[in-house]
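J.: Sequence and predicted structure, then a few things I'm wondering about:
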Amino acid sequence: MQQPLFAKFRAELFLYLRAVMRGKSYLRTVEKMIKTRLASSQHARHDFYSVMEDNMKISERDNVWTSEIWGEAIFSLTAAEEIRSTFASGADIRGPMLAKCQYLRACFDEALRMSPPIPGTLWREEASEYKRATEPLLVDGHVIPPGTQVGVNAYAIHHNKEYFQEPFEFKPERWFPESAESRRTNKNAFVPFSVGARGRAGKAMAYLEAGLVIAKALWYFDFEKAPGEIGRIGGAKGRPDEYHLRDIVVSVHDGPYLTFRPRSNSVKELGGKSSGNDRHAEDNMW
């Protein structure tokens, strides 16, 4: 789609084979996780499986799995000061209070702005049923000839100074309701989930899942960029604070590599040790 010349060499076959191999590796990992959990009793620990097991029938044969477990497993794997001052414990991180974490949401939006999940252009063409010889397609005053594909690149518009001041700077505060920039232009130019009929239906779920994962990580851990060369992996050329994205329909990238350390007080909620034995605590949590 982005490089039509590649069609002559059937490059998509190699990409397909690579995707199949990686997909099989992923499924083997999921299968191992499912088998490990099923080897324990239903109430060995309070988790998603312990709640849903009564409503599912698991095959007695070791190599057969219900479609429900596979589906849930596959799709389930996919701001510190604010978090630590808002909640009393990790168990409290949920519901309306999490939704009120303004700075956390601002960080999400700023990350999506700088590194959109789909960095390429989503091309559009006027549908045949709307084509009328007497009424040419107009986009912002420009006549678009029949059969012409048009599109707005998300990365390009997200880094356009007309809509986002200092576009290559990570500035979550630009998303605060009281920000003049937020009120003026940037919400209309923010398109990480696409727009219109092709907008992502799972947008709300994505924010919810990201909020839970990141908020809990910030509650239980302190973190910093990994030291040395590994901490610099993935930086864009000339812009070390921005991660270099590769477009394969969705974004892929290397890094960031971070070092996490359990918070001595909060980690006790998970049954881990204090900071006197951080490595043992990490093993318990992961």
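T.: Yep, it's here.

J.: which stretches of this protein have low pLDDT?
T.: 1-2, 6, 11-12, 46-79, 129-134, 183-185, 198, 200, 267, 271-286 (pLDDT under 70).

J.: need the strands for it, in chain order.
T.: Using DSSP state E, the strands of the chain run over residues 137-139, 142-144, 221-225, 235-236, 239-243, 246-248, 250-252, 258-262.

J.: Partner strands of the first one, with direction?
T.: Read that as strand 137-139. Sheet partners assigned to strand 137-139 using DSSP bridges are listed as strand 142-144 (antiparallel).

J.: can you check the fourth one too?
T.: Looking at strand 235-236 with DSSP bridges, its paired strands and their directions are strand 239-243 (antiparallel).

J.: just how off-centre is the partner strand within its chain?
T.: Put simply, strand 239-243 sits 18 Å off its chain's centre (CA atoms, centre = their mean, to the nearest Å).

J.: C-alpha coordinates for it, CSV please?
T.: In CSV, the C-alpha atoms belonging to strand 239-243 read as follows (Å, rounded to 0.1, in the frame of the first residue of the first chain):
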residue,chain,number,x,y,z
ARG,A,239,15.5,13.7,18.8
PRO,A,240,16.6,11.3,21.6
ASP,A,241,13.4,11.9,23.6
GLU,A,242,11.2,10.7,20.8
TYR,A,243,11.0,7.0,19.8
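
J.: Trp175 - how many residues pack around it?
T.: Trp175 has 21 neighbours, counted by other CB atoms under 10 Å. C-beta: built from backbone N, CA, C; applies to glycine.

J.: Go through the strands of the chain and name the closest to Tyr26.
T.: strand 250-252 (14.2 Å; CB to CB).

J.: returning to that earlier point: need the strands of the chain in CSV (columns: distance to Lys171).
T.: CSV is the format used below for the strands of the chain (distance: least, CB to CB, whole Å):
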stretch, distance to Lys171
strand 137-139, 30
strand 142-144, 32
strand 221-225, 19
strand 235-236, 17
strand 239-243, 11
strand 246-248, 25
strand 250-252, 21
strand 258-262, 21
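
J.: Quick one: the ones you listed as TSV, columns for mean neighbour count too.
T.: Listed next are the strands of the chain as TSV, based on neighbours: other CB atoms under 10 Å:
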stretch	mean neighbour count
strand 137-139	12
strand 142-144	11
strand 221-225	14
strand 235-236	16
strand 239-243	13
strand 246-248	12
strand 250-252	13
strand 258-262	16
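
J.: Among these, which comes closest to Pro96?
T.: Evaluated with CB to CB, the strands of the chain place strand 221-225 nearest to Pro96, the distance being 24.2 Å.

J.: hang on, the earlier thing: so for Phe193, which of the strands of the chain sits nearest?
T.: Nearest of the strands of the chain to Phe193, taken as CB to CB: strand 250-252 at 12.3 Å.

J.: outside of the closest one, which residues touch it?
T.: Here strand 250-252 makes contact (CB atoms under 8 Å, 6 or more residues apart in numbering) with Ser115, Pro116, Pro117, Ile118, Pro119, Leu245, Arg246.

J.: what about the nearest residue to the second one once chain neighbours are set aside, how many residues close to it?
T.: The reference is to Pro116. In this structure, Pro116 finds its nearest non-sequential neighbour in Ala154, 4.2 Å apart by CB to CB, 6 or more residues apart in numbering. Neighbour count of Ala154, defined by other CB under 10 Å: 24.

J.: on that earlier part again, next step: the contacts of strand 250-252 restricted to helices.
T.: When DSSP state H is applied, those are split such that none fall in helices.

J.: Tell me how many other residues surround the spatially closest residue to Lys225 that is not a sequence neighbour.
T.: Closest residue to Lys225 apart from its sequence neighbours, by CB to CB, 6+ apart: Gly231 at 4.3 Å. For Gly231, the count of nearby residues is 16 (other CB under 10 Å).

J.: what residues are up against Gly231?
T.: Lys225, Pro256, Tyr257.

J.: Angles on the backbone of the last one, please.
T.: When read as degrees, to the nearest 10, the backbone of Tyr257 gives phi -100, psi 120.

J.: surely it meets Gly228?
T.: No. Assessed by CB atoms under 8 Å, Tyr257 is found out of contact with Gly228, at 9.6 Å.
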